[in-house]
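**Q** How does the following fold in three dimensions:
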Amino acid sequence: MSLIAFALAAQAVLPVALPEPAAENICDASAERSTPELGGSRLITARDLATLTDIGRSDPYDSPSPFGVSPDGQKIAFVTRRADPDRNGFCQRLMVMPLDGKASPRERDSGGSFVRATFVLRNFPAVAAGFGKVITPKWSPDGQWIAFLKRVETATQAWIVASRSTAPARQVSALADDVEDLAWSPDGASLIVATRPELRLQMAAIAAEGRQGYLFDDRFAPQFADHPLPTAPAPLRYTQIDLATGATREATAADQTVLVTPDPAAQPEGARLYTPGTGRTAAWLESKAPGRLIAPTRIVLRRPDRRILRCAMPTCEGAQHLWWREDGRVLYILQRTGWGNSQTALLRWPIAAAQPKRVFVTDDALVGCKLVSRQLVCARESARHPRVLAAIDADTGKSRIIHDPNPQWAQMRVGAVRRFKFRNAYGVECYADLVLPPFHKPGEQHPLVVVQYVSDGFLRGGTGDEVPIQALTARGFAVLSFARPDLVESVAQARAELDLLQKNRDNWLDRRSVQSALEQAIALAVGTGAVDRARMGISGFSDGTSTTQWALLNSALFKVAAMGACCEDMVAYPLMGGPAFEDFGRKFGYRFFEPDAAQFWKQMSLAANAASVNAPLLIQTGDSEYEIGLDVVAAFRRLGKPIELRVFPGEPHFKWQPVHRLAMYERNLDWFSYWLMHKMDCSPAKAAQYARWQIMAGAPPRSQLACLSDQVSAP
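**A** As a prediction, this is how the structure comes out:
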């Protein structure tokens, strides 16, 4: 789906009945595998990537902090999550450790089911995503207890556990609705929790409506459900829970302040990230182009004497977080910066100085940072190493590792990564990373697989985490981790959302910009001499699906393709999105069922152009949206084109079940190995898979196929 369609069609469905993991504590069931075998050196497998331990979200996008810091600033609490594909669940542990990293983390609770994040989508107030909700432990004011969210069976509730003793955790809420957030009262005697009862009430009303038959209207999104979805507001409601008695009551406005921070009365008009300091000091961001929907910002600092200072230099753009040092005399700024906003930097601005200075910059991704005294505590991940807990001295920029949740990674052989920086034909700054096999030698050429559509932090599986980059390189592939470019400048000038969407879609401008960047990135990769231009494949998910469609129809670069969703096309795509989706798409230029629709989709439709596509296509998608690609599948099958559709049950757009992730990883490995290397996994369990592929048009003769070794090893 395109970037715009991604915003329309979404990452998820509203909360409906989906398979829940087994009730067993996965951590107990897999205790024998919790201690990794260290020492030696080996290549990475799909299972290695599928069973990494995560803290917070598993992707490098900025998110709420997953770290809870004790009142004395000496300890940190966090929840780790490790997927177990064999049991299709997650080992989740609440851990506590000293912030100085001088002692190992200590487990204070374990178990519970995966908690999915929610977000607003179009007219739907609470959509359940396929990625995890960030669980941030909260310390009691006296530091004796830790409160956290935990999902048991089908309910997410508030739990507490003693921070020091070995007493087991206990559930303290039993509300009719999932708890989405919590905080301690100032005296530590109660918890304030947030729920959405209106969502439950709307679902009950929809169920009652079914007795008379549902009216097919804007509440429908057929890809998500065969019934209307809640569309009325479902605001958070707040409840106070007395921890001594268990009694509950509606939280007062004063109670709610521990969870809801009211807008400061002194906040300037148009200010973003308004952050008050001590006394009269404050800092915020303001637009450098008021009126534009998307515009660079400047940092504003107000001194104690109310004097206003502004940093309008390009080096001050891209600020994401502002913090004041505890003495109120220094402002710290975390920003996205560098070529194509591919770097993260930390600025330090003493109130006595005229401008801030940079103290730290990195290509690594920093996620969920929290200022503790004078150090930033962040989840940090590099292109070649998964996430670690790190502390960065906010005054000097010196960094240290607090904890590595994946110590087994030290034994993995990881290939070299080379970053390309360039401008596409539209002048947009672009970047991509070429990852080579660990055993690459000068002069060797490898088949290439493109993985999309961000290339930040640990190069794991691309957006959607479906194509295992490091496992591909262990098979002998070169991988181009491609970051889609930002908006073309003429589009970025838009003053309203609809104007931006119309400009971006006009004559498929965004798709042309992305294709230009992709072709230049591939040229740079081929130019290294390490890539066999005659053996290249492409994968894509969400916006990457649209990039893959366009590339297959408007270039001859790729011999094979794989998608994690399909497709942005002219028939099933609008029908499965529902009436509201269809109408919204028309507002910014899509043509659905109008007389000129075929002409509009001429350069984008795989269904209409199936005859011109010879690249074998693998689609692995969730049961919530497989119907969106049925017109494409039907067109390919009618013409005898090589295509395979796999549908995973209980999955939204972003797939979350561990058994499915491993299956997608392994099938993508097999698919690209088969078509680009003429290699196959000769185990009996996969015989049916290769029997299907062998009869596809263009399949390599059986005599040209070789078996992969039982163990992944370097040649």
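**Q** Helix or strand with the lowest mean pLDDT in the chain?
**A** The weakest-scoring helix or strand in the chain, judged by mean pLDDT, DSSP states H and E, is helix 3-9 (a mean of 34).
**Q** After it, which helix or strand is next? Please name it.
**A** Sequence-wise, the next helix or strand downstream of helix 3-9 (DSSP states H and E) is helix 26-29.
**Q** just how off-centre is that next one within its chain?
**A** Averaging C-alpha positions (C-alpha atoms, centre = their mean, to the nearest Å) puts helix 26-29 26 Å from its chain's average.
**Q** Mind giving me the packing neighbours of the very next helix or strand once past that helix?
**A** Sequence-wise, the next helix or strand downstream of helix 26-29 (DSSP H and E) is strand 42-43. Under the contact criterion of 3 or more C-beta pairs under 8 Å, 6 or more residues apart in numbering; DSSP states H and E, strand 42-43 touches strand 412-413. Every C-beta, even on glycine, is put in place using the N, C-alpha and C of the backbone.
**Q** What is the strand it packs on packed up against?
**A** strand 42-43.
**Q** neighbouring contacts of the helix or strand that the strand it packs on is followed by?
**A** Proceeding N to C from strand 42-43, the next assigned helix or strand is helix 46-50, under DSSP H and E. With contact meaning C-beta atoms under 8 Å, 6 or more residues apart in numbering, helix 46-50 is reached by 83, 85, 408, 412, 460-461, 468, 470-471, 658, 661-662, 665-666, 669.
**Q** mind running it again at 10 Å?
**A** By C-beta atoms under 10 Å, 6 or more residues apart in numbering, the residues outside helix 46-50 that reach it are 36, 42, 82-86, 386, 406, 408-409, 411-412, 458, 460-461, 465, 468-472, 474-475, 658-670, 712.
**Q** Extract the C-alpha trace of the longest helix seen in the chain and format it as PDB.
**A** When the chain is parsed with DSSP state H, its longest helix is helix 509-527. Provided in PDB are the C-alpha atoms of helix 509-527 (Å, rounded to 0.1, in the frame of the first residue of the first chain):
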ATOM      1  CA  LEU A 509       4.300  11.700  -8.000                       C
ATOM      2  CA  ASP A 510       5.200   9.900  -4.800                       C
ATOM      3  CA  ARG A 511       5.600   6.500  -6.600                       C
ATOM      4  CA  ARG A 512       7.900   8.200  -9.200                       C
ATOM      5  CA  SER A 513      10.000   9.700  -6.500                       C
ATOM      6  CA  VAL A 514      10.400   6.400  -4.600                       C
ATOM      7  CA  GLN A 515      11.200   4.600  -7.800                       C
ATOM      8  CA  SER A 516      13.900   7.100  -8.700                       C
ATOM      9  CA  ALA A 517      15.500   6.700  -5.300                       C
ATOM     10  CA  LEU A 518      15.300   2.900  -5.600                       C
ATOM     11  CA  GLU A 519      17.000   2.800  -9.000                       C
ATOM     12  CA  GLN A 520      19.800   5.100  -7.800                       C
ATOM     13  CA  ALA A 521      20.300   3.000  -4.700                       C
ATOM     14  CA  ILE A 522      20.500  -0.200  -6.800                       C
ATOM     15  CA  ALA A 523      23.000   1.500  -9.200                       C
ATOM     16  CA  LEU A 524      25.200   2.300  -6.200                       C
ATOM     17  CA  ALA A 525      25.000  -1.300  -4.900                       C
ATOM     18  CA  VAL A 526      25.800  -2.700  -8.300                       C
ATOM     19  CA  GLY A 527      28.700  -0.200  -8.600                       C
END
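**Q** helix or strand right after it?
**A** Toward the C-terminus, helix 509-527 is succeeded by strand 531-540 as the next helix or strand (DSSP H and E).
**Q** what is the orientation angle of that following strand with helix 509-527?
**A** Relative orientation of strand 531-540 versus helix 509-527 (axes from the mean of the first three to the mean of the last three C-alpha atoms, to 10 degrees): 150 degrees.
**Q** got the CA positions of the next helix-or-strand element following strand 531-540 in CSV?
**A** The C-terminal neighbour of strand 531-540 among helices and strands, as given by DSSP H and E, is helix 543-554. Provided in CSV are the C-alpha atoms of helix 543-554 (Å, rounded to 0.1, in the frame of the first residue of the first chain):
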residue,chain,number,x,y,z
ASP,A,543,4.0,1.2,1.5
GLY,A,544,6.7,-1.2,0.2
THR,A,545,3.9,-3.2,-1.5
SER,A,546,3.2,-0.2,-3.7
THR,A,547,6.9,0.3,-4.3
THR,A,548,7.1,-3.3,-5.4
GLN,A,549,4.0,-3.0,-7.7
TRP,A,550,5.4,0.1,-9.4
ALA,A,551,8.9,-1.4,-9.8
LEU,A,552,7.5,-4.6,-11.4
LEU,A,553,5.4,-2.6,-13.9
ASN,A,554,7.7,0.3,-14.6
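**Q** Show me the residue at the heart of this protein, geometrically.
**A** Geometric centre of the chain, nearest residue: D59, 4.3 Å, by C-alpha atoms, centre = their mean.
**Q** neighbours around P468, how many?
**A** Look at P468: counted by other C-beta atoms under 10 Å, it has 30 neighbours.
**Q** Return the residues in contact with the residue lying farthest from the centre of the chain.
**A** No residue in the chain sits farther from the centre than D305, which is 42.8 Å out by C-alpha atoms, centre = their mean. For D305, the contact set (C-beta under 10 Å, 6+ apart) comprises 279-281, 351.
**Q** try S612
**A** 552-553, 606, 641.
**Q** Could you measure from it over to C566?
**A** Applying C-beta to C-beta, to the nearest Å, the value for S612 to C566 is 17 Å.
**Q** picking up where we left off before, the residue nearest to the centre of the chain: what secondary structure?
**A** Following DSSP: H, G, I helix; E, B strand; the rest coil, D59 is assigned to coil.
**Q** Let me see the contact set for it.
**A** Counted by C-beta under 10 Å, 6+ apart, D59 has contacts 131-132, 365, 367, 381, 454, 456-458, 460-465, 654.
**Q** what's the answer for A155, then?
**A** Counting by C-beta under 10 Å, 6+ apart, A155 makes contact with 113, 171, 173-179.
**Q** Now R200, what are its backbone angles?
**A** phi -60, psi -40 (degrees, to the nearest 10).
**Q** thinking V179 is in contact with P197, fair?
**A** No. Using C-beta atoms under 10 Å as the test, V179 is too far from P197 to be in contact (11.6 Å).
**Q** Could you give the number of residues near the closest residue to P230 other than its chain neighbours?
**A** Sequence neighbours aside, Q202 is the residue nearest to P230 in space, at 3.7 Å (criterion: C-beta to C-beta, 6 or more residues apart in numbering). Other residues lying near Q202 total 22 when counted by other C-beta under 10 Å.
**Q** where in the stretch 601-715 of the chain is pLDDT low?
**A** Low-confidence segments of the stretch 601-715 of the chain, defined by pLDDT under 70: 710-715.
**Q** What are the boundaries of the helices in it?
**A** Along the stretch 601-715 of the chain, counting by DSSP state H, counting those that start in this stretch, helices occupy 630-638, 658-672, 687-694.
**Q** which parts of the second one are buried?
**A** Neighbour-count burial for helix 658-672, with 16 or more other C-beta atoms under 10 Å as criterion, is recorded at 658-672.
**Q** The last one too?
**A** For helix 687-694, the buried set under the neighbour-count rule, 16+ other C-beta under 10 Å, comprises 689-690, 693.
**Q** could I get these as TSV with distance to T315?
**A** Shown next, in TSV, are the buried residues of helix 687-694 (distance: C-beta to C-beta, whole Å):
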residue	distance to T315
Q689	53
Y690	55
W693	52
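**Q** What is the nearest of the residues you listed to A572?
**A** W693 (24.7 Å; C-beta to C-beta).
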